[in-house]
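> need a 3D model of the following:
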Amino acid sequence: MKKIVVEQLGGDENEVAPSARFVNDLGTDSLNLVELIMFIEEGFSTPTQKVTIPDEDESKVATIQNATGYLKDLSISGAAPVNISNDQSKNHPQVSKKASIR
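You can find the predicted model right below:
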């Protein structure tokens, strides 16, 4: 999770605390937060399970720690995040409206 956040927002992985809030502490604006959520969805999805985080759950993923807990609640704890490059952001699917695993 931390690697995805650092890749998307920049900064030093060693300086990003699990309790750091994306908006207030890491300087994320609303557009960057939507993009970050999309990268989290893509990073933790597998060919057999697609992770989606609905807009109304945005407050539940306000920190790295919150986002990790949210994924665990969706039974995604065993999913290994993939390496996502900024090049993939151009073709990323829209954020879905319902949290689900497909």
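> so the most centrally placed residue in the chain is in which element?
Closest residue to the average C-alpha location of the chain: Ile40 at 2.6 Å, with CA atoms, centre = their mean. Per DSSP states H and E: Ile40 is located in helix 30-44.
> low pLDDT regions in the chain?
Judged against pLDDT under 70, the low-scoring parts of the chain cover residues 77-102.
> one more time with 50
Within the chain, the stretches with pLDDT under 50 are 78-102.
> what ranges does it have for its helices?
Secondary structure of the chain (DSSP state H): helices located at 2-9, 30-44, 64-73.
> any chance of these in a markdown table, with distance to Ala17 too?
Every C-beta, even on glycine, is put in place using the N, C-alpha and C of the backbone. As requested, the helices of the chain are exported to a markdown table (distance: least, CB to CB, whole Å):
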| stretch | distance to Ala17 |
| --- | --- |
| helix 2-9 | 9 |
| helix 30-44 | 16 |
| helix 64-73 | 8 |
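> to Ser19, which of the ones you listed lies closest?
With CB to CB as the measure, helix 64-73 is the member of the helices of the chain nearest Ser19 (5.6 Å).
> quick one on the thing from earlier: thought the residue nearest to the centre of the chain was touching Glu7?
No. Taking CB atoms under 8 Å as the contact criterion, Ile40 and Glu7 are not neighbours in contact, 11.0 Å apart.
> which residues do those two both contact?
Where contact means CB atoms under 8 Å, 6 or more residues apart in numbering, no residue is in contact with each of Ile40 and Glu7.
> export stretch 26-36 to CSV, keeping only CA atoms.
As requested, C-alpha coordinates have been extracted for stretch 26-36 and formatted as CSV (Å, rounded to 0.1, in the frame of the first residue of the first chain):
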residue,chain,number,x,y,z
LEU,A,26,0.5,14.4,2.3
GLY,A,27,-0.9,17.3,0.4
THR,A,28,-3.3,15.4,-1.8
ASP,A,29,-6.2,17.4,-3.4
SER,A,30,-9.5,15.8,-4.3
LEU,A,31,-8.4,15.0,-7.9
ASN,A,32,-5.2,13.3,-6.7
LEU,A,33,-7.3,11.4,-4.1
VAL,A,34,-9.6,10.0,-6.7
GLU,A,35,-6.6,9.0,-8.8
LEU,A,36,-4.9,7.4,-5.8
